[in-house]
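S.K.: the sequence and its predicted three-dimensional model are supplied below.
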Amino acid sequence: MPSPSLAVPAIRIRALRDQPPRRPARYVLYWMIAARRLEDNFGLQRAAWWARELDLPLLVFEPLRVGYRWASDRLHAFVLQGMADHRRHAARLGVTYYAYVEPTAGAGKGLLARLAKDAAVVVTDDYPTFFLPHMVEAAAGQLDCRLETIDGNGLMPMRATTTVYPTAYAFRRYLQKSLPPHLAEIPQRDPLAGLPKRPAPIDAAILKQWPEATDARLAATPEALADLPIDHTVPPSPVLTGGASAAHAQLTRFLDRGLALYHEERSQPDSDAASGLSPWLHFGHIGVHRVFAEVVTRAGWTTRKLASKATGQREGWWGASPEVEAFLDELITWREVGFNFCALRPDHDTYESLPEWARTSLEAHASDARAHLYTLDQFARAGTHDPVWNAAQRQLVRDGRMHNYLRMLWGKKILEWTAHPREALAVMIELNNRYALDGRDPNSYSGIFWVLGRYDRPWAPRREIFGVIRYMSSDSTMKKLRLKNYLREYGPGAQQLQFER
């Protein structure tokens with residue numbers, strides 16, 4: 001792999017407040033909101049670059065608010081575990097790390113602006129969905145210093161194109177033409193290397209009004225979460241732990257056990273073939289550049305193996321083994337097409353963003369008779385007539401994740417068992433964003449909207465309810481997949497579901 005530069009590619013930098021750095025100033029401020037990691041992080045790298053240029057200390061500020069939609073013990077615990085990792089890592093590196101956990105909704109209001117008063121530059125993460133774009137735009141209107149937002153989401157910079165690609169094939173063909181130069185532009189493994197170990201002086205009045213999170217809070221125990229005004233009916237995942245340490249351990253497990261099986265076995269719920277990395281990718285505890293580098297290094301791959309012609313086909317362009325080709329298509333094509341859509345379509349999470357052919361077909365069949373209709377609460381409780389669907393929902397509720405193939409079936413059945421496709425969309429978004437650790441993400445929105453036709457094409461024969469939208473059935477899924485162990489683990493009585501309050 002090429003050696004990273006200290007500079008961040010210009011195409012990944014947006015100046016939301018384009019003005020010279022403040023002088024004098026106490027520090028450069030990195031506002032960590034999406035790329036929640038201290039390695040392989042273009043945003044942190046840019047902030048460290050400014051600190052060197054201006055001969056100032058660096059302050060890494062990672063806040064966690066409580067007043068966002070779907071805030072719960074599950075989501076909070078995962079982020080808090082990552083913050084605990086960061087505190088330990090920052091102490092070893094000698095960088096000032098300020099972890100703030102909002103105790104009540106709105107308690108953190110004014111903190112960023114107060115920190116920015118002493119900052120030469122504020123650098124933050126460019127993330128295209130959930131409440132983050134609005135939050136960053138609001139900050140741009142309130143701060144009185146230079147504010148930059150940095151795109152570290154994918155191998156392909158989000159702003160490299162103004163085209164919204166309608167299919168994975170079209171996006172893949174674009175990648176095959178345009179990605180190679182960007183493969184050489186990788187973030188530093190340690191963006192803080194060589195940065196002088198100088199503490200960033202935080203005004204005592206700031207720390208008095210907005211105290212740092214205690215180690216006990218970052219431990220994310222039930223006691224640490226109990227007094228926060230968040231949803232306590234969605235508990236932390238019993239099988240997934242947040243933070244960079246857990247993310248890298250999961251990547252190692254995948255490289256050792258799953259990658260060789262990926263091409264043939266990734267659709268099987270009882271196999272270790274899937275990477276399982278999506279929760280950590282979503283919260284930024286690991287970056288796609290690190291995952292890509294580790295996979296291609298393990299495979300002995302170099303850019304010399306790339307095909308010279310862009311065909312848009314799933315296999316052959318990388319010049320790698322079938323399992324590596326298949327994984328890279330999921331990691332890059334299917335993950336980053338979601339970032340492409342979210343970055344360029346502010347309405348990406350609305351029914352109106354579906355392709356016209358899909359909306360036309362769905363509306364034409366919206367009044368078709370449904371053999372089964374369920375409420376949101378019945379769906380949440382895994383209370384349908386279908387044991388495969390119920391098992392997938394139980395996995396989501398209990399573990400905070402769902403096997404990818406079953407996630408597609410899960411969505412198709414929600415479309416079939418709700419009174420209108422708009423209701424189906426609302427149910428999918430609510431269940432996924434509430435329970436899934438990788439929800440509220442461009443990639444998970446891609447999966448939800450794929451159910452309704454995004455990135456797909458019309459299918460024959462035309463069916464009731466679905467029209468020309470692709471159809472999936474539990475019967476065919478049971479024939480295709482090995483589900484015996486999965487149904488045993490997530491069948492009736494396998495857990496006590498957390499019910500809505």
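M.R.: Perfect, thanks for sending it. Note that the coordinates shown come from a computational prediction; the quantities given were computed from them, not determined experimentally.

S.K.: quick check: Arg434 vs Thr384, distance?
M.R.: For Arg434, the distance to Thr384 equals 18 Å [CB to CB, to the nearest Å]. Where you see a C-beta, it was placed from the backbone N, CA and C, and this is true even at glycine.

S.K.: and these two? Which one has more around it.
M.R.: Between Arg434 and Thr384, counting by other CB atoms under 10 Å, Arg434 is the more crowded of the two (21 against 17).

S.K.: which non-adjacent residue is nearest that one?
M.R.: Spatially, and ignoring its direct neighbours in sequence, Arg434 is nearest to Trp70 (5.1 Å; CB to CB, 6 or more residues apart in numbering).

S.K.: residues contacting the one you found?
M.R.: Contacts here follow CB atoms under 8 Å, 6 or more residues apart in numbering; on that basis Trp70 touches 231, 433-434, 439-440.

S.K.: save the residues you listed as TSV, and put in distance to Phe339, secondary structure and pLDDT too.
M.R.: Below are the contacts of Trp70 laid out as TSV (distance: CB to CB, whole Å; DSSP: H, G, I helix; E, B strand; the rest coil; pLDDT from 0 to 100):
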residue	distance to Phe339	secondary structure	pLDDT
Asp231	27	strand	99
Asn433	17	helix	99
Arg434	22	helix	99
Gly439	15	coil	98
Arg440	14	coil	98
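
S.K.: between the residues you listed, which sits nearest Trp417?
M.R.: For the contacts of Trp70, the closest approach to Trp417 (CB to CB) belongs to Arg434, at 18.4 Å.

S.K.: sorry, back to before: which of the contacts of Trp70 are buried, as a ChimeraX select command?
M.R.: The following ChimeraX selection, which keeps only the buried ones among the contacts of Trp70, applies the criterion 16 or more other CB atoms under 10 Å:
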select :231,433,434,439,440
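
S.K.: redo the contacts of Trp70 as a markdown table? Include distance to Ala380.
M.R.: Below are those laid out as a markdown table (distance: CB to CB, whole Å):
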| residue | distance to Ala380 |
| --- | --- |
| Asp231 | 12 |
| Asn433 | 12 |
| Arg434 | 8 |
| Gly439 | 14 |
| Arg440 | 17 |
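
S.K.: Trp49: which of the contacts of Trp70 is nearest?
M.R.: Closest approach to Trp49 among those (CB to CB): Arg440, at 29.8 Å.

S.K.: residue contacts, the closest one?
M.R.: Neighbour list for Arg440: 70, 129-130, 282, 433 [criterion: CB under 8 Å, 6+ apart].

S.K.: please repeat the previous calculation with a cut-off of 6 Å.
M.R.: Contacts for Arg440 (CB atoms under 6 Å, 6 or more residues apart in numbering) come out as 130, 433.

S.K.: just Ala274 next, same as before
M.R.: With contacts defined as CB under 6 Å, 6+ apart, the neighbours of Ala274 are Arg266.

S.K.: confidence score at it?
M.R.: We have a pLDDT of 96 for Ala274.

S.K.: distance check, it against Thr303.
M.R.: Here Ala274 is placed at a distance of 26 Å from Thr303 (CB to CB).

S.K.: do the same with Met83
M.R.: Met83 is 36 Å from Thr303, by CB to CB.

S.K.: Leu155 too?
M.R.: Remark: distance between Leu155 and Thr303 (CB to CB) = 12 Å.

S.K.: any idea which residue sits dead centre in the protein?
M.R.: Residue closest to the average C-alpha location in the chain (CA atoms, centre = their mean): His282, at 2.2 Å.

S.K.: OK, contacts around that residue?
M.R.: By CB under 6 Å, 6+ apart, the neighbours of His282 are 438, 441.
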